[in-house]
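Sequence first, predicted model second:
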Amino acid sequence: MPTLSDLLQQVEAARQEAIELTQALVRIPSVNTGRHNEPPWPPTGRPADGESYPVPIVNYDATGSVPTGDELPAAELLRERFAAEGIDAAVYQSGENRGNVVARMGTQGARPKLLLMSHLDVVPVEDRSQWTHDPFGAEIAEGRLWGRGSADMKCIAAAQAMAMIVCKRAGLPLKGEVVYASCADEESGGAYGFGWMTQHYPEILRADYAVNEGGGAPIRTPDGLIYPINTGEKGRLEARIYITGRGYHASQPWRADNAIYKAEEVIRRIRTYQPEISTDIDLFRHLDTLAGVTEEVTNENIDRIIADIASTNENLASFLRAASRMTWVASMINAGVKSNSVAEKCQITCDVRTLPHQSPAYVQQELEKLLGDLSGVQVEVIETSVSNASPFDHPFTDHVMAATRTAIGRDDVQFTPGITVGFTDSRFVRPLGNIAFGFMPGHPDSDPSKSGAHNINESIDLETINTMARFIVTLIWETVAQQD
Ligand SMILES: [Zn+2]
């Protein structure tokens, strides 16, 4: 029977394989645009005289998007990879060219059961000319693997797969079960991915424990290394603000009530809104560890504390700001149908992120308070993700901490509960009863601000891929392996 150090040696031996698997996944452009059939904007070429540029027609679904993704080839690649190692694997197709891959080790139904989560889709590349490396080339340079999805999150899908492969090759006996699920559509709401899987195959995903993206980026402080374990996430909603004016021929604009000009005041109020401050979540009881804050943190002093932290650690300060309030931001605006008519209608769409205690009704009420006195302005709030959380004070936390110390080979590490200020697929599996943590530890020397996730020049350092594979192997050893 292999020992843990045998397993970790095999992870080192498979270091290059993990990198190559990440590369193979990055080279599959599983781009989730959240829309389709959209002509380029602005269109190339001038419109004919007397004609305006065509307005892009986008067919949105109820959540405001038409998901694409094309994850099936990536799911198939992983399935073949698992099958070649003798690991049970299957692809569950949720739509045209949309695939979810599941691999299983151990006895089905045996406990404890550990779920390894990842997603196969990536966000689009907006302007390729701004990238220093081909976004789908998976080039290696400066100790990093470059490309869209390298950090978010094909490196994790690959590291988790390699960890299972290493356990299988070593013949590690399991008392429980390990389930690997890498799914489609995370970037557009999960209706074809974990959302679909929890609806159709909840028994596959129901587990004692789960790990997913969302946390684990190391924070270096003067007092040592800290890893946040993200136990929960903020909610995400969309607020649509409809502004109605009165159109008229653009040659006599004073006879119109221009919806675009009416939007000006709406935008000003949205931009300058002061959200309620809250330091309710666990995280704020751990600021002594996280940032050496010795005073008691309150709703009243948190902004001053954040300002102090900002002078030395901008990333942490920005994160704490997002964790202590609801945010909203205008992210889309649509108005007008023709350049020679004054706009009759204007729609402003806002992205809204709520704290655990804030409901959609609260958001609606805040918007009505803010805009209620303006004529011709209506507000609609659409919920895409409820805020959700797992407990930090749980034996699984001890396993995760122990596995991290082993993976990075260091004891001088502290852990704090964190909250994901975006949302992840974890929200689908928490209601099944899983203790799900957004946690995949980066290498202690890695710089998370370089990842470029959802940005240009996305990349992941090669050491982090290896660290994550070591972490998963150790976590399997800690939780599911037969150790005697
Ligand atoms: Zn992601």
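All right, it came through fine. All figures in this text were calculated on a predicted structure; none of them were measured in a lab.

Next to the ion in this structure, residues from the chain, please.
152-153, 213 (CB under 5 Å from the ion). (Glycine included, C-beta is placed from N, CA and C.)

Just the closest residue of the stretch 201-350 of the chain to the ion, please.
When scored by CB to the ion, the stretch 201-350 of the chain has Glu213 as its residue closest to the ion, at 4.9 Å.

nope, the chain is what I meant
For the chain, CB to the ion, closest residue to the ion: Asp152, 4.1 Å.

ok, now which ones touch that residue?
122-123, 213, 451, 453-454, 458 (CB atoms under 8 Å, 6 or more residues apart in numbering).

which stretches of the stretch 101-250 of the chain form helices?
155-169, 194-200, 202-205 (DSSP state H, counting those that start in this stretch).

so which of these is the most packed in?
Highest mean neighbour count of the helices of the stretch 101-250 of the chain: helix 155-169, a mean of 26 (counted as mean count of other CB atoms under 10 Å).

Any chance you could list what contacts that helix?
By CB under 8 Å, 6+ apart, helix 155-169 touches 7, 10-11, 14, 17-18, 21-22, 25, 78, 81-82, 85-87, 103, 105, 116, 118-120, 145, 174, 178, 180, 182, 213, 440, 460, 464-466, 468-473, 476, 481.

domains of this protein?
What automatic domain parsing lists as the domains of the chain is 4-35+64-232+388-479, 234-385.

now the last one, how far from the chain's geometric center?
I take that to be domain 234-385. 20 Å (CA atoms, centre = their mean, to the nearest Å).

With the first one instead?
The gap between the average C-alpha position of domain 4-35+64-232+388-479 and the chain average comes to 11 Å, counting by CA atoms, centre = their mean.

per-residue confidence averaged over it?
Mean pLDDT, domain 4-35+64-232+388-479: 94.

that older thread, drop anything exposed from the contacts of Asp152.
122-123, 213, 451, 453, 458 (16 or more other CB atoms under 10 Å).

Take those residues and lay them out in a markdown table including distance to Val293.
Below are those laid out as a markdown table (distance: CB to CB, whole Å):
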| residue | distance to Val293 |
| --- | --- |
| Val122 | 37 |
| Val123 | 34 |
| Glu213 | 27 |
| Ser451 | 26 |
| Ala453 | 28 |
| Glu458 | 32 |
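
from the residues you listed, which is closest to Ala407?
Glu213 (16.4 Å; CB to CB).

list the contacts for the closest one?
Glu213 touches 117-119, 152-153, 156, 424, 438, 440, counting by CB under 8 Å, 6+ apart.

And the furthest pair within these?
Met117 and Asp152 (13.4 Å).

what distance separates the start and the end of stretch 167-187?
30 Å (CA to CA, to the nearest Å).

in that stretch, what's buried?
Those would be 167-170, 172, 174, 176-187, for stretch 167-187 by 16+ other CB under 10 Å.

Dihedrals phi and psi, Pro253?
phi -60, psi -30 (degrees, to the nearest 10).

same deal with Ala90?
Residue torsions, per degrees, to the nearest 10, at Ala90 are phi -150, psi 150.

quick one: it and Arg79 touch, right?
Yes: the pair Ala90 and Arg79 qualifies as a contact (CB atoms under 8 Å) at a distance of 6.7 Å.

which one of those two has more residues nearby?
Arg79 (20 against 14; other CB atoms under 10 Å).

Wasn't the more buried one part of a strand?
No: counting by DSSP: H, G, I helix; E, B strand; the rest coil, one finds Arg79 to be helix, located in no strand.

For it, which non-adjacent residue is closest in space?
Counting by CB to CB, 6 or more residues apart in numbering, Ala89 is the residue found nearest to Arg79 once chain neighbours are left out, at 4.5 Å.

Name the SS class of that neighbour, please.
strand.

Generate a ChimeraX selection restricted to the buried subset of the contacts of helix 155-169.
In ChimeraX syntax, the buried subset of those is picked out as below (16+ other CB under 10 Å):
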select :7,10,11,14,17,18,21,22,25,78,81,82,87,103,105,116,118,119,120,145,174,178,180,182,213,440,460,464,465,466,468,469,470,471,472,473,476,481
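
Please list the members of the contacts of helix 155-169 that lie in strands.
103, 105, 116, 118-119, 145, 178, 180, 182, 460 (DSSP state E).

Phe392 contacts Thr231, correct?
Yes: counting by CB under 8 Å, Phe392 touches Thr231, with 4.9 Å between them.

got any residues that touch both of these two?
In contact with both Phe392 and Thr231: 282, 417, using CB under 8 Å, 6+ apart.

between the two, who's got more neighbours?
In this view Phe392 and Thr231 are compared by other CB under 10 Å, and Thr231 has more residues nearby, 30 against 20.

Kindly provide the distance from that one to Glu142.
Thr231 sits 33 Å away from Glu142 when distances are taken as CB to CB, to the nearest Å.
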